[in-house]
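Peer 1: Mind looking at a prediction? Sequence and model below.
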Amino acid sequence: MAHEVETAYYADRPAWHGVGTVVHGARRWRDAMEIADALWTVEKQPAYARVPVLNEDGVGERYVAMPGRYAVVRTLPDGTPRILGDVGETWTPFQNEAAGVFLDSLIDSGDLRYESVVVLHGGRRIVLLARRPQDVTFGDGERIRPYIALVNSHDGTLALSVRNVMTRIVCANTLAVALGEQTPHQWSVRHTGSLSARITEARRTLELHDRHADAWTQQMRRLLDQPFSHEQFQTMTNELFPLDQREDRTRRDPNLKRRAELLANWSTTRTVPTGLRATRWGAFNIATEYLEHTQRLRGGSGPGAAERRFASAMFGQIHRQRQRVYQLLTR
């Protein structure tokens, strides 16, 4: 399987997936994107279908325009066209440069520094991760690093989104979860119209990131104050990984192994102190640590495994599982 990360930039050290080009010191958006070789553009071109036709020599073929369908084309440095996706009439490309300008414009103070720029799936997706200047501290000196992440796609499968990402420094667990309608952690816009015209809307929805960060901190402090026994952790684990109850099942359910591994992480974790394991905060971190760093993913071995884990943590299986853990702990 091809590597999912094509090019990438990281400041000071690789992200938790452990790959990429590392430079000293976080950069502003343009420098970061240049280092990641991410300032290329895409074009929307009419799509054609190759159809058979009868002619004097027998059966031939010709190309027929597909009404309302377009190919998203990226031209590689050697001139080779790469088809990234198939889109409709109203789909508008949001170029990588415009995405960088857009994310930077959400923060008036101009204090964003970019720790990661990652080009995924041959250019079909790009992730920009910018760090806010102040870490969040609570509990016994627990430090959480707040980021703003932008995810853009060029294949028609995702809306452009800006989301809050909270990362636990000691183990690099991603703790981004939706807290509820009053504190949205993500804003998204479909690929139509002008991206620059959406800045005011994005600022209003995200509320400059701070409202979510404050609410997230308050919620995590509540989890820290609430006891959570090993028996409760086992119940949560069983709900997180339900078993297939079909009588005709012939293979061992993989969730049995996932259950055992997550339960084992309760005892073996090196990042959650013993005194905090029996809290909902401890359970949240024990679970996310397993989901992000240990859990076996489909296609999770061999070349590109770390990159696939990164993509899953941002917007795939791990992202959904993390949200489920939070729901189970706060219901």
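Peer 2: Alright, I've got the coordinates. Predicted model only: the values in this text are computed from it and were never measured.

Peer 1: Run a quick neighbour tally on residue 192.
Peer 2: Residues near residue 192, counting by other Cβ atoms under 10 Å, number 12. (Each C-beta comes from the backbone N, C-alpha and C, glycine too.)

Peer 1: Oops, could you answer that again for residue 113 instead?
Peer 2: 15.

Peer 1: residue contacts, residue 283?
Peer 2: The neighbours of residue 283, taking Cβ atoms under 8 Å, 6 or more residues apart in numbering as the test, are 228, 232-233, 236, 277, 325, 329.

Peer 1: and it, what helix or strand is that in?
Peer 2: Per DSSP states H and E: residue 283 is located in helix 280-293.

Peer 1: I'd like the next helix or strand past that helix.
Peer 2: helix 305-315.

Peer 1: and that next one, what other elements does it pack with?
Peer 2: With contacts taken as 3 or more Cβ pairs under 8 Å, 6 or more residues apart in numbering; DSSP states H and E, helix 305-315 sits against strand 113-120, strand 142-153, helix 317-330.

Peer 1: And the ones you listed: which comes nearest residue 266?
Peer 2: Across the helices and strands packed on helix 305-315, residue 266 has its closest neighbour in helix 317-330 (13.4 Å, Cβ to Cβ).

Peer 1: who's in contact with stretch 55-64?
Peer 2: Under Cβ under 8 Å, 6+ apart, the answer for stretch 55-64 is 48-54.

Peer 1: quick revisit: would you mind checking the average pLDDT for the helix holding residue 283?
Peer 2: With pLDDT averaged residue by residue, helix 280-293 scores 92.

Peer 1: angle of that helix against strand 142-153?
Peer 2: 40 degrees (axes from the mean of the first three to the mean of the last three Cα atoms, to 10 degrees).

Peer 1: now the end-to-end length of stretch 153-165.
Peer 2: End-to-end distance for stretch 153-165, by Cα to Cα, to the nearest Å: 19 Å.

Peer 1: Mind jotting down where the helices sit in this protein?
Peer 2: Remark: helices assigned in the chain by DSSP state H are 29-35, 96-105, 199-206, 210-225, 230-240, 254-268, 274-277, 280-293, 305-315, 317-330.

Peer 1: In TSV: those, plus distance to residue 88.
Peer 2: Listed next are the helices of the chain as TSV, based on distance: least, Cβ to Cβ, whole Å:
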stretch	distance to residue 88
helix 29-35	28
helix 96-105	20
helix 199-206	23
helix 210-225	32
helix 230-240	37
helix 254-268	37
helix 274-277	50
helix 280-293	35
helix 305-315	22
helix 317-330	26
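
Peer 1: nearest to residue 120, of the ones you listed?
Peer 2: helix 305-315 (5.9 Å).

Peer 1: Domain map for the chain?
Peer 2: Domains of the chain are assigned by automatic domain parsing as 5-40+92-217, 221-330.

Peer 1: and those, which one's lowest on average pLDDT?
Peer 2: When I compare these, domain 5-40+92-217 is least confident, with a mean of 78.

Peer 1: residues in contact with residue 69?
Peer 2: So residue 69 contacts 46-47, 86-88 (Cβ under 8 Å, 6+ apart).

Peer 1: Of those residues, which is the most crowded?
Peer 2: Of the contacts of residue 69, with other Cβ under 10 Å as the count, residue 87 tops at 21 neighbours.

Peer 1: Now that one: closest residue in space that isn't a chain neighbour?
Peer 2: residue 156 (4.0 Å; Cβ to Cβ, 6 or more residues apart in numbering).

Peer 1: What of residue 153?
Peer 2: Residue 153 sits nearest to residue 125 (Cβ to Cβ, 6+ apart), 5.0 Å away.
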